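Peer 1: Got a predicted structure here, sequence first:
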Amino acid sequence: MDNLNDIRALWLTAKTDGLPSSDEMLRIVKKFRNQRLRNKLIVIFTALVCAAMMVATMFVYKSTMITTRIGEVLIIIACGVLVFTNTRSIKRFIDLKDCSNKEFIEFLEQTRRNQVYYYKKTQVLGMGISSIGLLLYLYEMASISMVVFIITYSIAIIWTLVLWLVIRPRSFKKQSLKLEETLKKLENISKQLN
């Protein structure tokens, strides 16, 4: 009987102040899932619109330089990379409906691994192709005069550097912090249950 009293005392003294309720956990899971699905669908839609506009531009604007066509194709390929990677990951989020805390923690850890892979590999590939495509696409228009060339390429290069060196790292850091926060909440619950 002494063991039972010890267990009861331990159970009653466990601190559960910082733990979310089961309803709050369901809300967290649902909110996380819906936000990620919405973001992925917006990225897919935007990439498809961009690719469609580039295809329409190819038919309407008759370029005289091959660099313009190569740039257009590279931008379309970059849009395709975005659509492919986001479409592939949507299935994971759609399947995330009813799961235990442990399954959701595993899901979040896999999401973190995917996020790091995307940041280090896929995003670099997509942005690299897109940046080269943009610079090639602008060449025909910029080759009119040296002043236009310098202004056009200065703006394009500054924009590309801002994307690579400011926006991309901040976006990754912000997403990582949100993911870590959700993961810590769930790990606290799992530790209490075990």
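Peer 2: That came in fine, so what should we check first?
Peer 1: Residue 180: which element?
Peer 2: helix 168-193 (DSSP states H and E).
Peer 1: And for residue 135?
Peer 2: Per DSSP H and E: helix 123-142 holds residue 135.
Peer 1: which residues in the protein form strands?
Peer 2: Using DSSP state E, no strands are found in the chain.
Peer 1: In this structure residue 57 contacts residue 69, no?
Peer 2: No. Taking contacts as CB atoms under 8 Å, residue 57 lies outside contact range of residue 69: 10.7 Å. C-betas here are computed from N, CA, C, even on glycine.
Peer 1: residues contacting residue 70?
Peer 2: Applying CB atoms under 8 Å, 6 or more residues apart in numbering, we find residue 70 in contact with 133, 136.
Peer 1: Look up how far residue 156 lies from it.
Peer 2: 16 Å (CB to CB, to the nearest Å).
Peer 1: Count residues in the vicinity of the closest residue to residue 107 other than its chain neighbours, would you?
Peer 2: In space, and not counting its chain neighbours, residue 107 is closest to residue 96: 5.9 Å by CB to CB, 6 or more residues apart in numbering. Here the number of neighbours of residue 96 (other CB atoms under 10 Å) works out to 19.
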